[in-house]
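Engineer: below is the sequence, then the predicted model.
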Amino acid sequence: MIVQFGSARIELVLGDITTQRVDAIVNAANAMLAGGGGVDGAIHDASGPEVMNELKRRYPDGCPTGSAVGTSAGNLRAKYIFHAVGPIWRGGGNQEKDLLESAYQTCLSLGEKLQCRSLAFPSISTGVYGYPVDLAAETALRTVATRLEATSQLELVKFVLFDQGTFGGYARVLETMLV
């Protein structure tokens, strides 16, 4: 599913984020940037050990929730990995929406600063962090669409979703944005 926003496109893809041909891949990281399972584990496995070594060297104190840091992409096709720390879902009353939006905004800003034309995002916080997919999709897609309408640098933002349920949640939200 591809939708135009300003001069750029949002594309929903069912698949493996590590194989995407984009300038930067976003990793759903933990605050200690220590590696983990899910998307984080897959990205670290595919990128090789030099990315983890770079994280330890450049960001020994980790990264706060709602923010992101950039590294090289190691063995991936991308130039960069943006390690974004999304919030753990605690029922919605602990600034989860604001923190999730901030994580996406920080990645978009990093992309613009590094002159990226294309980014690939996973569904940040919807795995072990328990953020409901429909709510996360709403925040993610609206944040990205608003930014794309205001910039001409980014040409493509992909949401690379690992399973059919997550893809369906994002597709439903994106369809409502077209009305």
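Structural biologist: Alright, I've got the coordinates.
Engineer: quick check: bridge partners of the closest residue to residue 80 other than its chain neighbours?
Structural biologist: Residue nearest to residue 80 in three dimensions, not counting chain neighbours: residue 24, with 4.1 Å by CB to CB, 6 or more residues apart in numbering. The C-beta positions use only the backbone N, C-alpha and C, and glycine is treated the same way. Residue 24 has the following beta-bridge partners by DSSP bridges: residue 80, residue 119.
Engineer: tally of neighbours for residue 24?
Structural biologist: By other CB atoms under 10 Å, 24 other residues sit near residue 24.
Engineer: can you show me the helices along the chain?
Structural biologist: 38-47, 49-58, 96-113, 133-150, 164-177 (DSSP state H).
Engineer: excluding its backbone neighbours, what's nearest the residue most central in space within the chain?
Structural biologist: By CA atoms, centre = their mean, the chain has its centre lying nearest to residue 121, at 3.2 Å. Nearest non-adjacent residue to residue 121, counting by CB to CB, 6+ apart: residue 26, 4.6 Å away.
Engineer: and the one you found, what pLDDT?
Structural biologist: According to the prediction, residue 26 has pLDDT 98.
Engineer: my guess is it meets residue 80, correct?
Structural biologist: No: using CB atoms under 8 Å, residue 26 is not in contact with residue 80; the gap is 9.4 Å.
Engineer: which one's more surrounded, the two?
Structural biologist: residue 26 (33 against 19).
Engineer: many thanks, I have nothing further to ask.
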